[in-house]
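> The sequence and its predicted three-dimensional model are supplied below.
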Amino acid sequence: MQTRLLLIIPTMGRPDGAREAAMSALDCATLDTTFVMLAVDGPHSDEQMAAYEAISHPRLGLMHDGRHRGMVATLNDCANKFTVGELLVDHHCAWPECPYITHVGFMGDDHRVRTCGWDEALTDAAGPVGIAYGDDLLRGIELPTSVVMSADIVRTLGQMVPPTLQHLFVDDYWKALGIGMGALEYLPDVVIEHLHPSAGKAEMDDSYAVTNHPDRYESDGAAWKAYCDDGPLHDDLDKLSVLVHEWTERIANDRAGRANR
């Protein structure tokens with residue numbers, strides 16, 4: 001089955017940043033089946049929406065319903081919309097142009113792809129059931145602030161991020177999933193730079209002020225702790241362990257079938 005990657009870029013109030021992020025991803029992509037979706041969160045002025053709608057590329061789309069729901073809800077809605085259907089592990093379609101999304105990625109409108117072939121490298125590293133990330137020149141191996149994962153992970157969990165979070169600790173979640181699955185890959189040669197104010201690479205704007213406010217750290221931190229302590233993370237890993245087993249069996253059967261031809 002042909003690799004098809006959907007990179008989702010949630011964005012709010014930064015059409016210029018969203019344009020630069022999207023174009024950096026598409027310009028550095030080497031797969032012609034890599035697509036970018038700008039998931040616009042919140043109501044915007046007519047001028048800002050016109051700026052978003054002016055961002056154009058044959059493999060770029062725009063999703064916006066005018067509501068403000070926060071980055072996590074916006075990301076989950078977009079990821080679920082484009083990964084509906086049966087698990088790829090059960091999808092034995094031989095059609096090379098099958099439209100099923102095989103991988104889903106995330107980066108912010110303040111990320112910039114710096115490495116040509118990032119999409120092929122990260123989808124290969126993630127494989128059919130894994131998570132991969134590169135160097136953001138800020139947190140490095142410590143946290144996947146941008147990520148590519150197998151779409152069956154989203155199909156299995158019905159989410160890309162816990163809905164109890166609003167903005168922060170999503171990278172902690174992806175790291176915990178990858179480690180728990182035994183399928184987390186860090187590629188230091190793939191650079192997706194994070195232009196964050198904490199690195200002195202961006203000015204503190206209204207959006208950063210809200211998402212990096214101490215109250216947000218406190219509320220999202222408490223929600224992440226509860227997700228870990230109260231069982232949901234364990235439940236997610238249980239579901240994914242079944243998925244890993246199913247993919248392992250499918251790969252073994254496919255190899256045995258080819259060997260017997």
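Thanks, I have the structure now. Predicted model only: the values in this text are computed from it and were never measured.
> mind listing the strands for the stretch 101-250 of the chain?
103-106, 111-113, 131-135, 147-150, 184-194 (DSSP state E, counting those that start in this stretch).
> Partner strands of the fourth one, with direction?
The reference is to strand 147-150. Strand 147-150 sits in its sheet next to strand 103-106 (antiparallel), strand 131-135 (antiparallel), going by DSSP bridges.
> Spit out the contact partners of the nearest residue to F169 once chain neighbours are set aside.
Spatial nearest neighbour of F169, excluding adjacent residues (CB to CB, 6 or more residues apart in numbering): W224 at 4.0 Å. To be clear about C-beta, it is placed using only N, CA and C from the backbone, and glycine gets the same treatment. By CB atoms under 8 Å, 6 or more residues apart in numbering, W224 lies in contact with 162, 165, 168-169, 172-173.
> Need those residues in TSV (columns: distance to D90, pLDDT and neighbour count).
Formatted as TSV, the contacts of W224 follow (distance: CB to CB, whole Å; pLDDT from 0 to 100; neighbours: other CB atoms under 10 Å):
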residue	distance to D90	pLDDT	neighbour count
P162	25	97	21
L165	30	95	22
L168	35	91	19
F169	32	94	23
D172	30	97	17
Y173	26	98	22
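> one step back: right, and the strands paired with strand 147-150 - which one's nearest V148?
strand 103-106 (4.1 Å; CB to CB).
> neighbouring contacts of the closest one?
For strand 103-106, contacts defined as CB under 8 Å, 6+ apart pick out 3-10, 75, 79, 82-83, 119, 122-123, 126, 146-151, 153-154, 160, 170.
> And stretch 32-39, by the same measure?
Stretch 32-39 is contacted from outside by 2-11, 18, 22, 25-26, 52, 55, 57, 59-64, 74-75, 77-78, 82, 119, using CB under 8 Å, 6+ apart.
> Which ones among the residues you listed lie within helices?
Those of the contacts of stretch 32-39 mapping onto helices are 18, 22, 25-26, 52, 74-75, 77-78, 119, per DSSP state H.
> I'd like the strands of the stretch 101-250 of the chain as CSV, with distance to A252, mean neighbour count and mean pLDDT appended.
Below are the strands of the stretch 101-250 of the chain laid out as CSV (distance: least, CB to CB, whole Å; neighbours: other CB atoms under 10 Å; pLDDT from 0 to 100):
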stretch, distance to A252, mean neighbour count, mean pLDDT
strand 103-106, 22, 28, 98
strand 111-113, 35, 24, 98
strand 131-135, 22, 26, 98
strand 147-150, 17, 28, 98
strand 184-194, 21, 19, 98
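> could these go into a markdown table alongside distance to R261?
Formatted as a markdown table, those follow (distance: least, CB to CB, whole Å):
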| stretch | distance to R261 |
| --- | --- |
| strand 103-106 | 28 |
| strand 111-113 | 40 |
| strand 131-135 | 31 |
| strand 147-150 | 27 |
| strand 184-194 | 31 |
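> list the buried ones in the host helix or strand of R258?
Using DSSP states H and E, R258 falls within helix 232-259. The neighbour-count check on helix 232-259 (16 or more other CB atoms under 10 Å) flags 233, 236-237, 240, 243-244, 246-247, 250 as buried.
> Which residues lie in contact with the closest residue in space to L137 that isn't next to it in sequence in this structure?
Nearest residue to L137, sequence neighbours excluded (CB to CB, 6+ apart): E193, at 4.8 Å. By CB under 8 Å, 6+ apart, the contact set of E193 is 111-114, 136-138, 201.
> can I get these in JSON lines with distance to H44?
Listed next are the contacts of E193 as JSON lines, based on distance: CB to CB, whole Å:
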{"residue": "H111", "distance to H44": "21"}
{"residue": "R112", "distance to H44": "22"}
{"residue": "V113", "distance to H44": "25"}
{"residue": "R114", "distance to H44": "28"}
{"residue": "D136", "distance to H44": "27"}
{"residue": "L137", "distance to H44": "29"}
{"residue": "L138", "distance to H44": "27"}
{"residue": "K201", "distance to H44": "24"}
